[in-house]
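Novice: Structure for the following, please:
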Amino acid sequence: MDVDSMDRSDGTTLVAKADSVRGSPKDSNSRRAAACLVCRRSKIKCEKGRVQNDDRCQRCLQLGVQCVRPDFHVGRRKGVKNKRTGLEKALHQVEQALRRSGASVQGIEGTKVVSELKAILGSNSDGSVPPPDAEQPANRRTVRRRDSRLSDIHLPDAVSSDAGDSSASDQDEMSIPPQGSTPSQGHAGEESLAVDDAENPLQLLARASDLHVSPKSEGDHVAIDAVSSSNSRTRGQNKQTDRFSEVEKFFKLSQFSLDVGPSLDPIDLGLIAQDEADALFNFFHHNLAHTRWGLDPVLYTAAFTRSRSAFLFTSICAASALFMPTASALSRRLSNHCQTLVNRIVADRYRSVEIVLAFMVNVPWMAPGKHSTDDETCWYVSMATTMALDLSLHKILVPQQSVNQALQVARADCIDPKVALSLDGFADVEPTSELGRRLLRRRERCWIALFVLERGMCLARGRCYTVPITPILKGCDQWHLSNIADTMDGHLVSMAVLRRDLDDLFASIRAVCDGSRDGRAAGGVIANSIQMTVEKFFEEWHAKWGVSIGTGPQHRLPPYVQILVTHTRLSIYSSVINHPTAPTEVRHFFHAAGLSSSLNVMRAAIQGENQLSSMPNNTAIMISFAACFALRLSGQLSGNSNLAPSVRTLIEETAEVLERIGQVTKHRNGMSALYGKYLKYIVKKAALSSTETAPQRPHAEPILQRQPAAATYPRHNSNNSRPSFGVADAISPNAPSVSGFLEPSIWSEPIQFSSMSDDQIVEALSRVGNEFDPGLNMYPWDDAAALDWLNWSNLPDFGT
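Specialist: The predicted structure follows:
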């Protein structure tokens, strides 16, 4: 047999053997059938047994057990069963996520997102995917936004236990302009170069952490979904994702966090009943709202306030109980609970607009401490300011599409109304609805009220300002003109405008004084210029706001507002009375005009006592400051003038008013009562010192008591723009004759300033303008030992 025939026979044999082996049932079952569970546990090869009509493997036959093989496709696992790619794959994943969500979605916002997505997917029930060109860019942005919000709901690392993180998700969503908010063609280039929150590093970091909001690429969302799916399957990757989630939460924007719950609510704790709370809220809005601005009575009912803040709810009830004669025990319980809530707010980092308002509500009637500086007024105002800035209350409410178009305002000073509502927990409220407008207006009112309160506190206590003048305050002159405005909004805005413009006025006065160094202008001319500047400032204010907030045919200002305005005038004179570059004539004018303003402050307090029963602590400090100022200036008079005893009499009357106001109820414990007692003490001390240094003279009957009733002084112009204290009256050695009620022959007799009007006080003081210390020494602040309890010599450095 040749070699070729042998090779062919061997090849035929091998092929036959191979066919026989491939066709054997044993080999076919062992290679194609899945291993049974017993062999899998033992990790041995699963071979079919040789017993006919028995499908068990050899191992199961030996053990005498049932051979169980799972239904499993032998071969390499492909990983993903479907072959979808691109947008079709993304939509399929959204559909699967919606089917799996079920009842696991928590919160109103999550339910709303799921409903929106189901409605979108239901509109295309045939399952076909529209071509990319068929969608508008805005629609694609909307779908991507909702996908990102859905991922926030389902991913464990994006879910927070409180409502604050849900508001952060809304804020991130609103950072993208909504539909129809594309910038105009004229601003397209400008918008392309703008960077949101470039002025705020922390907010810029917060935006940078939200990568899933970026609308640049659809593939990014697919990649993020894929990464999320793989992270959920891998334990190690889950830990890493949790760490990244904690870092992302750290850089989230500030959100609201409500101080509500059974452990905080005074009604749940049994401190007060519901009907008592309703009565206290009505009392507050009718009797105390005129001295504590910032609350809308239509919005802040007892029910709404209780649902928003236990601190504000308790503070309003405690303030009302303080002025009710029969609510002593209730007032004590609620005041103690307020202290507890403050500690909880600081420890648990609660923050909301209502908490800012609560801090401000507690300031006016705070109980005194062991020392005049021990009360927590400054700390409360500082906490309110910090929290207000965190909540972006200082920003202008401007729709995002209007930024850099209609308004010339920096992006950092603007916030979208929808975002603002989301920050406060009202994401489902439409900004254009009445409720939405009131909620947005309450943010602006809160910031304006905080500005007025902080400036008043600084003026009263001699502290530096901390609340900045933001664009809201610069343009608030017409803010009170609204169909949803509160009756007290006009009073609030009038004070905001007055104190906002003080810096420019002080800068102007100091500039005039500094310009007199070269000696080219006479002192009288400079003093006249300062007088005209000050008078013009207040005349313009009175002309605008006297009609708006005044009452009666003469448009009288309320006593509380009148005291604030007059004290502001006094602050102007007292803060520049020692200006080093002021000429002699200017210092003379400051002394005389300052004395006139201080007397007017006390006169307004005495005549308006009936409307000042709820006088705030800051106002009591202002009145006490005016009394000390008048006492010291009247003691600098030369000659035999009887002005000093008349001033002391007025201070004693003022002290009695302060004592009565501070003890309007037995449990009031007002700070004004302490100031009244101390004023009586320093007046007696001043009277004793003047008696020791001056010759004794018979006591003269007050001139007003000797005059007939028909000669009582008319009180015209007592609340409107008053006649100015002329420079000639302050520096002329021979003052002109005045009206008959104050003839030179009777000048030595005491005068009852409390019964006089503003212009009569000015006219009376014009008689002694030349009787100030001819040396014109600087005001002796250093030896004012009796005034150490007031930090009034450390007034803010205006205009510098």
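Novice: what about this structure, any weak spots by pLDDT?
Specialist: 1-33, 72-83, 101-112, 121-244, 248, 252-254, 401-407, 519, 637-642, 691-800 (pLDDT under 70).
Novice: okay but residue 585 is in contact with residue 526, surely?
Specialist: Yes. Under the criterion of C-beta atoms under 8 Å, residue 585 makes contact with residue 526 at 7.0 Å. C-beta coordinates here come from the backbone N, C-alpha and C atoms, glycine included.
Novice: other SSEs contacting the host helix or strand of residue 503?
Specialist: Assigned by DSSP states H and E, residue 503 falls within helix 502-514. Helix 502-514 sits against helix 523-549, helix 559-576, with contacts defined as 3 or more C-beta pairs under 8 Å, 6 or more residues apart in numbering; DSSP states H and E.
Novice: How about the contacts made by the closest residue to residue 393 other than its chain neighbours?
Specialist: Excluding the flanking residues, the one nearest residue 393 by C-beta to C-beta, 6 or more residues apart in numbering is residue 447, at 4.4 Å. Each residue near residue 447 by C-beta atoms under 8 Å, 6 or more residues apart in numbering is listed here: 388, 393, 394, 470, 472, 473.
Novice: quick one: the third one from residue 412, how far?
Specialist: If I follow you right, that is residue 394. Distance of residue 394 to residue 412, computed by C-beta to C-beta, to the nearest Å: 10 Å.
Novice: Give me the more crowded residue out of those two.
Specialist: residue 394 (22 against 13; other C-beta atoms under 10 Å).
Novice: Could you grab the helix/strand/coil label for that one?
Specialist: Following DSSP: H, G, I helix; E, B strand; the rest coil, the label given to residue 394 is coil.
Novice: Look at residue 328 and say how many residues are nearby.
Specialist: For residue 328, using other C-beta under 10 Å, the count is 15.
Novice: can you tell me how far the nearest residue to it once chain neighbours are set aside sits from residue 318?
Specialist: Closest residue in space to residue 328, ignoring its immediate chain neighbours: residue 667 at 4.2 Å, by C-beta to C-beta, 6+ apart. As judged by C-beta to C-beta, residue 667 and residue 318 stand 11 Å apart.
Novice: With neighbour numbers in mind, choose between those two.
Specialist: Between residue 667 and residue 318, counted using other C-beta under 10 Å, the more crowded position is residue 318 (27 against 17).
Novice: quick one: contacts for that one?
Specialist: So residue 318 contacts 331, 334, 335, 337, 338 (C-beta under 8 Å, 6+ apart).
Novice: What is the burial count for the residue nearest to it when sequence neighbours are not counted?
Specialist: Spatial nearest neighbour of residue 318, excluding adjacent residues (C-beta to C-beta, 6+ apart): residue 334 at 3.7 Å. Counted with other C-beta under 10 Å, residues neighbouring residue 334 total 25.
Novice: Surely residue 334 touches residue 277?
Specialist: No. Residue 334 is beyond contact range of residue 277, at 9.9 Å (criterion: C-beta under 8 Å).
Novice: anything in contact with each of these two?
Specialist: Both residue 334 and residue 277 are in contact with 266, 317, where contact means C-beta under 8 Å, 6+ apart.
Novice: Check the gap between the residue nearest to residue 359 when sequence neighbours are not counted and residue 501 for me.
Specialist: Closest residue to residue 359 apart from its sequence neighbours, by C-beta to C-beta, 6+ apart: residue 384 at 3.9 Å. Distance of residue 384 to residue 501, given as C-beta to C-beta: 23 Å.
Novice: Pick out whichever of those two has more residues nearby.
Specialist: residue 384 (25 against 14).
Novice: For burial, what's the neighbour tally of the closest residue to residue 524 other than its chain neighbours?
Specialist: With C-beta to C-beta, 6+ apart as the criterion, residue 524 has its nearest non-adjacent residue at 5.0 Å, and that residue is residue 585. Residue 585: 21 surrounding residues under other C-beta under 10 Å.
Novice: how about residue 585, phi and psi?
Specialist: phi -60, psi -30 (degrees, to the nearest 10).
Novice: Any buried residues in the helix or strand containing residue 442, and which?
Specialist: For residue 442, the element it lies in under DSSP H and E is helix 434-461. Buried residues in helix 434-461, counted by 16 or more other C-beta atoms under 10 Å: 436-461.
Novice: and what of stretch 255-271?
Specialist: Per 16+ other C-beta under 10 Å, stretch 255-271 contains these buried residues: 255, 256, 257, 258, 259, 260, 264, 265, 266, 267, 271.
Novice: ok, so of these, who is nearest residue 677?
Specialist: residue 271 (32.6 Å; C-beta to C-beta).
Novice: Not counting its neighbours along the chain, what's nearest that closest one?
Specialist: residue 333 (5.1 Å).
Novice: number of nearby residues for the one you found?
Specialist: When neighbours are counted by other C-beta under 10 Å, residue 333 comes out with 20.
Novice: same thing with residue 99?
Specialist: 8.
Novice: Which of the helices or strands spans it?
Specialist: Counting by DSSP H and E, residue 99 is part of helix 86-101.
Novice: what does residue 269 give?
Specialist: Judged by DSSP H and E, residue 269 forms part of no helix or strand.
Novice: Wait, it touches residue 334, no?
Specialist: No. With contact defined as C-beta under 8 Å, residue 269 does not reach residue 334; the gap is 10.7 Å.
Novice: any shared contact partners between residue 667 and residue 318?
Specialist: With C-beta under 8 Å, 6+ apart as the test, residue 667 and residue 318 both reach residue 331.
Novice: For burial, what's the neighbour tally of the closest residue to residue 435 other than its chain neighbours?
Specialist: Residue nearest to residue 435 in three dimensions, not counting chain neighbours: residue 429, with 5.7 Å by C-beta to C-beta, 6+ apart. Look at residue 429: counted by other C-beta under 10 Å, it has 19 neighbours.
Novice: correct me, but residue 429 touches residue 418?
Specialist: No. The pair residue 429 and residue 418 fails to qualify as a contact (C-beta under 8 Å) at a distance of 9.1 Å.
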